[in-house]
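Engineer: predicted model, plus sequence, below.
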Amino acid sequence: MADLDELAAEHADGRGGARVRETAGENPFGEYGVAGRVRDGLRAYRMIAAMWIRSTMAYRASFAMTTFGNFAATSFDFVAILLMFSQVDELGGFTLPEIALLYGTSGIAFGLADLMIGSMDRLGRRVRDGTLDTLLVRPVPVLAQVAADKFALRRLGRITQGLFVLGYALTTLDIAWTPAKVLMIPLMVCSGGMIFAAVFVGGAAFQFVAQDASEVQNAFTYGGATLLQYPPALFAKDLVRGVTFVLPLAFVNWVPGLYVLGRPYPLDLPTWLAFAPPLVGVACCALAGVAWRAGLRSYRSTGS
């Protein structure tokens with residue numbers, strides 16, 4: 001990759017970070033720091049993602065068909081909900097527009113995370129065959145390289161489908177809108193994307209140990225997105241507690257969404273927790289970052 005080679009050259013002459021010092025006891029990365037790593041990581045991510053986007057757009061008809069296919073495939077989940085409501089008026093005490101609100105916010109939040117770092121589930125394959133080693137020799141964060149690898153623009157189909165369902169919900173729901181409730185909609189989407197992204201990274205970190213654990217990761221990412229499409233009243237209290245206090249997926253849309261709908265949360269949580277998703281998202285990302293660094297340090301290659 002020419003752009004990454006250019007970044008490597010910058011590091012070699014000192015423009016991309018601090019030169020390695022030969023002085024004993026002196027931190028060679030003292031001047032580089034976290035800000036430099038984040039900057040280079042974002043730059044590398046942008047370069048790799050742009051490369052894959054250019055590759056995708058070279059075949060526009062194929063891109064259009066795969067994006068539509070992604071849109072259609074994810075639409076079947078909502079079609080299943082529509083079929084349920086052809087037989088019942090409520091599901092777990094929730095009407096179709098109310099469930100559409102949960103479905104739309106969950107779908108968009110997960111779609112954003114899947115678009116940006118959905119390639120993380122391929123890490124186990126790289127660990128098994130040793131191709132992760134090629135990423136370690138580049139002077140940019142491995143996380144950025146793995147996240148941007150095979151950047152799939154077709155995943156916009158899932159986001160578009162979620163936007164349509166959310167639009168339907170917002171136009172049909174009878175809600176007494178307040179500034180706080182209006183703000184809650186984009187808050188759910190952005191914070192939910194952060195939480196799902198943290199789950200992707202945390203699952204990838206687990207693959208350093210388990211190696212062949214992509215399906216375990218998918219159970220919490222794709223499975224979690226499917227879970228949040230339905231109201232919490234349908235599930236056992238222990239499961240609701242688990243996705244609230246252990247793996248806080250409930251803060252993607254259940255907790256803030258029920259605030260918007262004016263419904264109580266099954267666990268009788270205080271109302272102010274509806275505004276906690278941004279803090280939960282930041283905390284999840286921080287913990288996922290710690291897990292990622294621990295997993296990367298434990299990597300010992302394939303030995304071949």
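Structural biologist: Looks like it arrived, so ask away. The model shown is predicted, which means the values in this text are computed figures rather than measured ones.

Engineer: and the gap between residue 255 and residue 145?
Structural biologist: Distance, residue 255 to residue 145, using Cβ to Cβ, to the nearest Å: 34 Å. (C-beta placed from N, C-alpha, C; glycine too.)

Engineer: where is the longest helix in the protein?
Structural biologist: helix 179-210 (DSSP state H).

Engineer: not counting the helix or strand following it itself, show me its contacts.
Structural biologist: Sequence-wise, the next helix or strand downstream of helix 179-210 (DSSP states H and E) is helix 214-227. By Cβ atoms under 8 Å, 6 or more residues apart in numbering, the residues outside helix 214-227 that reach it are 77, 106-107, 110, 113-114, 120-122, 124-125, 196, 199-200, 203-204, 206-207, 210, 235, 243, 247, 249, 252.

Engineer: list buried residues within those residues.
Structural biologist: Buried positions within the contacts of helix 214-227, assessed by neighbour count (16 or more other Cβ atoms under 10 Å), are 106-107, 110, 113-114, 120-122, 124, 196, 199-200, 203-204, 206-207, 243, 249, 252.

Engineer: my read: residue 256 touches residue 188, true?
Structural biologist: Yes - applying Cβ atoms under 8 Å, one finds residue 256 in contact with residue 188, separated by 5.0 Å.

Engineer: between these two, which one's more packed in?
Structural biologist: Neighbours were tallied for residue 256 and for residue 188 using other Cβ atoms under 10 Å; the higher tally belongs to residue 188 (29 against 25).

Engineer: so that one makes contact with residue 258?
Structural biologist: No - using Cβ under 8 Å, residue 188 and residue 258 do not qualify as a contacting pair, with a distance of 11.0 Å.

Engineer: what about the helices in the protein?
Structural biologist: Read by DSSP H, the chain holds these helices, from start to end of the chain: 2-12, 33-57, 60-85, 96-117, 123-129, 133-136, 142-148, 156-172, 179-210, 214-227, 237-241, 250-261, 277-298.

Engineer: thought residue 120 was touching residue 206?
Structural biologist: No - between residue 120 and residue 206 there is no contact under Cβ under 8 Å: 10.7 Å.

Engineer: dump the residue contacts of residue 164.
Structural biologist: Residue 164 makes contact with residue 104, according to Cβ under 8 Å, 6+ apart.

Engineer: any idea how far residue 171 is from it?
Structural biologist: For residue 164, the distance to residue 171 equals 11 Å [Cβ to Cβ].

Engineer: overlap in contacts, those two.
Structural biologist: Any residue near both residue 164 and residue 171 by Cβ under 8 Å, 6+ apart counts here, and not one turns up.

Engineer: gap between residue 253 and residue 277?
Structural biologist: Remark: distance between residue 253 and residue 277 (Cβ to Cβ) = 9 Å.
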